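**Student:** For reference, the sequence and a predicted model appear below.
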Amino acid sequence: MDDAAYRATPAPATTEADTGPPFAECVLCREPTEHPESTKGATLCPVCTWQEAARSACSG
């Protein structure tokens, strides 16, 4: 077996199905969220969701 071929990292295959619908922006940091643009209400990215949960848990 060729060692170089074994260690080579294959390029990720990206298709249109992988990207999915356009994602909504986070209302705090403007990063893409896991929610489609059609989602109503204030959408947060996973990082901001976690930070908001930590803030509200410690405020009580």
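**Tutor:** Thanks, I have the structure now.

**Student:** for stretch 21-29, which positions count as buried?
**Tutor:** Residues of stretch 21-29 classed as buried: 23-26 (neighbour count, 16 or more other Cβ atoms under 10 Å). C-beta coordinates here come from the backbone N, C-alpha and C atoms, glycine included.

**Student:** Also stretch 38-51?
**Tutor:** So for stretch 38-51, counting by 16+ other Cβ under 10 Å, buried means 43-45, 48.

**Student:** mind checking pLDDT for residue 2?
**Tutor:** Confidence at residue 2, expressed as pLDDT, is 61.

**Student:** Residue 35 too?
**Tutor:** Reading off the model, residue 35 has pLDDT 92.

**Student:** And residue 16, by the same measure?
**Tutor:** 50.

**Student:** the bottom helix or strand of this structure by mean pLDDT?
**Tutor:** Every helix and strand of the chain was ranked by mean pLDDT, DSSP states H and E. The lowest is helix 16-19, at a mean of 55.

**Student:** how far away is residue 30 from residue 52?
**Tutor:** 15 Å (Cβ to Cβ, to the nearest Å).

**Student:** of these two, who's got more company?
**Tutor:** residue 52 (12 against 8; other Cβ atoms under 10 Å).

**Student:** which residues are in contact with the single longest helix found in the chain?
**Tutor:** For the chain, the longest helix by residue count, based on DSSP state H, is helix 46-58. When contacts are defined by Cβ atoms under 8 Å, 6 or more residues apart in numbering, helix 46-58 is touched by residues 26, 28-29, 31, 33-34, 44.
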